[in-house]
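Trainee: Take a look and give me a structure for this.
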Amino acid sequence: MKQSQHFLDNAENCAQLAERADDEPTYNRFKRMEAAWRALAIEQDWLDGETSPAQTAA
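Mentor: I've put the predicted structure just below:
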């Protein structure tokens, strides 16, 4: 499995945890973590040569 897929799996897990959050600060924290994992996945694909810098900026 690609490293970026591991990051996307973590992002999805954070999204699920956010939906089950008991309060807004916890929800926001998981959503920020989700966004960070997704950003890491995009960067990893770029580092692996699967996307160009122009694609990551879009």
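Trainee: Help me confirm that residue 31 comes into contact with residue 19.
Mentor: No - using C-beta atoms under 8 Å as the test, residue 31 is too far from residue 19 to be in contact (9.7 Å). For the C-beta atoms, the positions are set from N, CA and C on the backbone; glycine is no exception.
Trainee: between these two, which one's more packed in?
Mentor: residue 31 (16 against 10; other C-beta atoms under 10 Å).
Trainee: ok, the nearest residue to the more buried one once chain neighbours are set aside - contacts?
Mentor: Using C-beta to C-beta, 6 or more residues apart in numbering and skipping residues adjacent in sequence, the residue nearest residue 31 is residue 18, 5.0 Å away. Residues near residue 18 by C-beta atoms under 8 Å, 6 or more residues apart in numbering: 26-27, 30-31, 34.
Trainee: Now restrict those residues to buried residues only.
Mentor: With neighbours counted using 16 or more other C-beta atoms under 10 Å, the contacts of residue 18 contain these buried positions: 30-31, 34.
Trainee: In contact with the residue lying closest to residue 34 once chain neighbours are set aside: list those residues for me.
Mentor: Using C-beta to C-beta, 6+ apart and skipping residues adjacent in sequence, the residue nearest residue 34 is residue 14, 3.9 Å away. The contact partners of residue 14, by C-beta under 8 Å, 6+ apart, come to 30-31, 33-34, 37.
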